[in-house]
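Q: prediction below, plus the sequence it came from.
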Amino acid sequence: MSTPNQIVNTMMAKDFFSQWLGIEVLEIKEGACKLQMTVRDDMLNGFGIAHGGITYSIADSALAFASNSHGQKSVSVETSISHTISLKSGDVIIAEAIEEHCSNKIGIYSVKISRVSDAAVVALFKGTVYRTSKVW
């Protein structure tokens, strides 16, 4: 059976979007994940702030890594996000995924996205995954 680190390394090797985002895996364990990235100019919207899809995307990656860390292939079926504070180019953010519920077929995760400079919570994300019968 693969370890959480091996699973995430395998996922990241083919996850070109997470690579484009510049995501760095800080911590991975069964049911939890901590990621970091820096907001860049090419991630800004017409208001000069980070596009909402940026925080959504790092949270979605954290969900994917945390939910697959048990060794059972999992895919998201429902997600939502609340944006609380805008981000600028150069802001470094951390996404922390925590498992709230895990059964044979369903997993529920919360992801908190915070700005490193002041620990302000910039977004809150919730994701539900379907746990398939396939293993890593």
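A: Arrived safely, thanks for sending.
Q: drop to CA atoms for contacts and neighbour counts, all remaining ones
A: Will do.
Q: most residues in a single helix of the chain, which one?
A: Taking DSSP state H as the criterion, the chain has its longest helix at helix 52-68.
Q: any idea how far that helix is from the chain center?
A: Helix 52-68 has its C-alpha centroid displaced from the chain centroid by 2 Å (Cα atoms, centre = their mean, to the nearest Å).
Q: for that helix, packing partners?
A: helix 4-14, helix 16-21, strand 24-29, strand 32-38, strand 72-83, strand 92-102, strand 106-115, strand 121-135 (3 or more Cα pairs under 8 Å, 6 or more residues apart in numbering; DSSP states H and E).
Q: beta-bridge partners for residue 107, please?
A: In this entry, residue 107 is beta-bridged to residue 102, residue 129, by DSSP bridges.
Q: I'd say it and residue 132 touch.
A: No. Assessed by Cα atoms under 8 Å, residue 107 is found out of contact with residue 132, at 10.8 Å.
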